[in-house]
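*Asks:* Sequence first, then the predicted structure:
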Amino acid sequence: MAVRAQPIRPVVWVGGLAALAVPTLILLSIGAVIVAAEPGRGLGPADWAAIRFTLVQAMLSALISVALAIPVARALARRQFRGRGLLVTLLGAPFLLPVIVAVFGLLAVFGRGGFVNAALEALGFPAFSIFGLHGVVLAHVFFNMPLATRLILQGWAELPAERFRLAASLGMDARAIRRHLEWPMLRKVVPGALLLIFVICTTSFAVALILGGGPRATTVELAIYQALRFDFDLTRAAFLSLLQLAITGLAAFAALRWSGLAGVGAALDRPLRRWDAGAPALRLLDAIAIIAASLFLLVPMAMVAFRGLPAIPTLPSAVWTAAFTSLVVAFCSTCLVAMLAISIGL
């Protein structure tokens with residue numbers, strides 16, 4: 001214990017400056033746009049439509065992603081099988097993929113020339129278009145359902161094995177365990193996952209640009225780009241930027257407020273055994289959830305690889321130059337972010 005005042009270490013000053021750097025840059029950028037904007041002009045009907053669309057697609061994407069992730073996470077928590085660790089690792093792949101690459105994969109599966117529409121036409125059903133609100137939501141679910149699954153699966157992993165042993169000794173079935181053990185955990189984990197995915201979806205740009213299908217499917221990010229790039233309307237861009245910052249800031253604050261697993265309980269690190277998961281119906285439901293999620297996530301990525309790998313030898317030199325530039329930028333950005341994070345953490 002310190003007996004006298006201790007001098008502030010230089011690393012603390014560096015961490016404080018790093019913590020202030022990001023919000024300062026954001027506020028300065030918005031302030032510069034506001035200063036350059038012309039007074040007396042506001043948002044039009046198209047801008048308010050973009051705000052409504054942003055909120056609607058973000059809410060739908062978050063709700064559907066989490067709703068689909070819960071049975072998948074429960075199945076992965078209840079089952080141990082060969083390749084489970086690899087599958088859990090692959091769940092992070094869609095979130096790490098470049099957006100355009102993932103969208104091309106979705107178009108190869110669900111697009112006009114995809115095999116889903118080909119199968120529908122072969123069965124006599126009309127083909128459907130992936131463009132529009134449903135296409136944007138589909139792409140966001142593809143990106144964010146794996147993230148929600150990993151977050152909720154972590155909640156199941158935090159449940160002490162002793163509680164399941166006690167439940168088995170009391171003769172609880174799957175319904176009782178769901179009510180007394182899993183539901184309290186989900187109440188703590190699901191709100192944070194919902195809000196986190198909502199924040200991510202409100203900042204959607206490339207997905208709405210490619211799959212939006214027209215002006216009716218414009219997000220706030222896309223509206224800001226249009227105001228600056230095509231109209232050079234700094235007033236609209238400033239207003240939209242402030243609204244975007246307010247939406248994401250409030251949602252991020254709520255996500256921090258609701259995230260975490262406090263109160264789930266401590267354990268003795270015993271191996272987890274699920275005595276309630278042996279019923280054939282539960283095995284079938286878990287198998288369906290795991291197989292359906294795997295197909296939904298892995299088939300688009302496999303289509304990208306199937307169509308892209310044969311063309312790698314024929315790529316022009318400009319593509320390799322761009323790839324090298326991307327790697328250099330990514331490496332420098334990673335080093336900078338790591339140094340800032342370490343200084344803030346210390």
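*Replies:* Thanks, I have it. Numbers count the residues shown, from 1 in each chain.
*Asks:* Enumerate the positions of the strand or helix carrying Val136 that are buried.
*Replies:* Here Val136, judged by DSSP states H and E, is contained in helix 133-158. If you call a residue buried by 16 or more other Cβ atoms under 10 Å, then helix 133-158 has these buried ones: 133-153, 155-156. Any C-beta I mention is one placed from the backbone N, CA and C, and that applies to glycine too.
*Asks:* swap in stretch 326-340?
*Replies:* Leu340.
*Asks:* distance of Gly105 from Gly44?
*Replies:* Going from Gly105 to Gly44 by Cβ to Cβ, to the nearest Å gives 36 Å.
*Asks:* When the two are compared, which one has more neighbours?
*Replies:* Neighbours per residue, other Cβ atoms under 10 Å: of Gly105 and Gly44, the larger number sits with Gly105, 28 against 11.
*Asks:* State the distance from that one to Ala122.
*Replies:* 22 Å.
*Asks:* Leu181 now?
*Replies:* Remark: distance between Leu181 and Ala122 (Cβ to Cβ) = 46 Å.
*Asks:* Name the nearest residue to Leu63, sequence neighbours excluded.
*Replies:* Leu194 (7.1 Å; Cβ to Cβ, 6 or more residues apart in numbering).
*Asks:* Just say helix, strand or coil for Leu43.
*Replies:* coil (DSSP: H, G, I helix; E, B strand; the rest coil).
*Asks:* Asp233 is in contact with that one, correct?
*Replies:* No: using Cβ atoms under 8 Å, Leu43 is not in contact with Asp233, being 10.2 Å away.
*Asks:* neighbour-wise, which of Leu181 and Ala122 wins?
*Replies:* Taking other Cβ under 10 Å, Leu181 and Ala122 do not tie; Leu181 has more neighbours (21 against 9).
*Asks:* which residue packs closest to the more buried one, ignoring adjacent ones?
*Replies:* Arg163 (5.7 Å).
*Asks:* Can you report how many residues neighbour that neighbour?
*Replies:* 16.
*Asks:* Which secondary structure elements does the host helix or strand of it sit against?
*Replies:* Arg163 belongs to helix 161-169 when assigned by DSSP H and E. Judged by 3 or more Cβ pairs under 8 Å, 6 or more residues apart in numbering; DSSP states H and E, the packing partners of helix 161-169 are helix 174-177.
*Asks:* avg pLDDT for the helix it packs on?
*Replies:* In this model, helix 174-177 has an average pLDDT of 74.
*Asks:* returning to that earlier point: show me what contacts the residue nearest to Leu63?
*Replies:* Ala62, Leu63, Val66 (Cβ atoms under 8 Å, 6 or more residues apart in numbering).
*Asks:* So what angle separates the directions of the helix or strand harbouring it and helix 133-158?
*Replies:* Element membership for Leu194 (DSSP H and E) is helix 183-202. Calculated by axes from the mean of the first three to the mean of the last three Cα atoms, to 10 degrees, helix 183-202 forms an angle of 140 degrees with helix 133-158.
*Asks:* which element follows helix 183-202 toward the C-terminus?
*Replies:* Following helix 183-202 in sequence order, the next helix or strand is helix 206-211 (DSSP H and E).
*Asks:* Give me the helices and strands touching that following helix, please.
*Replies:* Counting by 3+ Cβ pairs under 8 Å, 6+ apart, helix 206-211 packs on helix 99-110, helix 133-158, helix 220-229.
*Asks:* Which phi and psi values does Gly92 adopt?
*Replies:* phi -90, psi -10 (degrees, to the nearest 10).
*Asks:* Tell me how far it lies from Arg236.
*Replies:* 37 Å.
*Asks:* Can you give me the buried ones in the helix holding Leu194?
*Replies:* Under 16+ other Cβ under 10 Å, the buried positions of helix 183-202 are 185-186, 188-202.
*Asks:* for the stretch 101-250 of the chain, which spans come out with low pLDDT?
*Replies:* Applying pLDDT under 70 to the stretch 101-250 of the chain picks out residues 168, 213.
*Asks:* Now with 90, please.
*Replies:* Residue ranges of the stretch 101-250 of the chain with pLDDT under 90: 101-135, 150-193, 195-196, 199-250.
*Asks:* domain parsing for the chain?
*Replies:* 11-40+318-346, 44-314 (automatic domain parsing).
*Asks:* Highest mean neighbour count out of those?
*Replies:* domain 44-314 (a mean of 17; mean count of other Cβ atoms under 10 Å).
*Asks:* next one: that one to chain centre, how far?
*Replies:* The chain centre lies 6 Å from the centre of domain 44-314; the measure is Cα atoms, centre = their mean, to the nearest Å.
*Asks:* Next, the distance between the ends of that domain.
*Replies:* Criterion Cα to Cα, to the nearest Å; first-to-last residue distance in domain 44-314 is 47 Å.
*Asks:* How about stretch 206-223?
*Replies:* This stretch, stretch 206-223, spans 12 Å end to end (Cα to Cα).
*Asks:* list the contacts for Thr202?
*Replies:* Thr202 neighbours (Cβ under 8 Å, 6+ apart): Thr54, Leu55, Ala58, Thr219, Val220, Gln244, Ile247, Thr248, Ala251.
*Asks:* where's the residue lying closest to it once chain neighbours are set aside, which helix or strand?
*Replies:* Leaving aside its sequence neighbours, Thr202 sits nearest to Ala58 (Cβ to Cβ, 6+ apart; 4.7 Å). If you go by DSSP H and E, Ala58 is part of helix 45-78.
*Asks:* and the helix or strand following that helix, what does it pack onto?
*Replies:* The C-terminal neighbour of helix 45-78 among helices and strands, as given by DSSP H and E, is helix 84-90. Here helix 84-90 touches helix 45-78, helix 280-308, going by 3+ Cβ pairs under 8 Å, 6+ apart.
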